[in-house]
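A.B. asks: Mind looking at a prediction? Sequence and model below.
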Amino acid sequence: MQKLLAIHRRIGAFDALVAEWGGAALGLALRCYIGWQFFKAGMVKLSDWEATRVLFRVEYHVPLLPPDLAAVMGAGGETLLPLLLALGLLSRPAALGLFMVNLMAVLSYPQLFAFACPAAVNDHKYWGILLLVLAVFGPGRLSLDHWLQRRAG
């Protein structure tokens, strides 16, 4: 029994290390994955700005915003916020901002999700959930936010 307890204590110490750094690595992986999904979309928008403006005027119907402003905000959010998220700088606001971009994408283009590609809704649901997890739990130890917080005391 004593040997079993000793093994259990050693495993417990290892579990704490894995939980601390494994969670940090998972947070980094989530930030990079989500950031990459949105960054790609932003780069597509920037690559052909006229086509993007037309899409926002004709296809996307962002509530309460003029189409040109919505295009600028969408492309800006999809390029700047993922970079902040991946670096772990202002991570919670970046995650919440991307959550809003994600929500606007779903609300502004319902015909895609309802008829042409219902599977795309699942992607947006998962991204939304992961962004909320990052907003609530933060970026983890492997982030500039954590490093800045430690330096500030």
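C.D. replies: Thanks, I have it.
A.B. asks: what comes up buried for stretch 42-55?
C.D. replies: 42, 45, 52-53, 55 (16 or more other CB atoms under 10 Å). In this view, the C-beta of every residue, glycine as well, is placed from N, C-alpha and C.
A.B. asks: which one of those sits closest to Leu148?
C.D. replies: Gly42 (25.2 Å; CB to CB).
A.B. asks: next SSE after whichever strand or helix holds that closest one?
C.D. replies: Of the helices and strands defined by DSSP states H and E, Gly42 is found in helix 2-47. Following helix 2-47 in sequence order, the next helix or strand is helix 49-58 (DSSP H and E).
A.B. asks: Mind listing residues that contact the next helix or strand after that next one?
C.D. replies: Per DSSP H and E, helix 49-58 leads on to helix 67-87 as the next helix or strand towards the C-terminus. Residues external to helix 67-87 that are found in contact with it (CB atoms under 8 Å, 6 or more residues apart in numbering): 31-32, 34-39, 41-43, 45-46, 52-53, 55-57, 60, 62, 65, 90-91, 93-95, 97-98, 100-101, 104-105, 108, 134, 139, 143-144.
A.B. asks: do that again at 7 Å, thanks
C.D. replies: 31-32, 34-36, 38-39, 41-43, 45-46, 52-53, 56-57, 60, 62, 90-91, 94-95, 97-98, 101, 144 (CB atoms under 7 Å, 6 or more residues apart in numbering).
A.B. asks: just to revisit the earlier point, which pair in the buried residues of stretch 42-55 spans the largest distance?
C.D. replies: It's Gly42 and Arg53 that sit farthest apart of those, by CB to CB, at 14.6 Å.
A.B. asks: Thanks a lot, see you next time.
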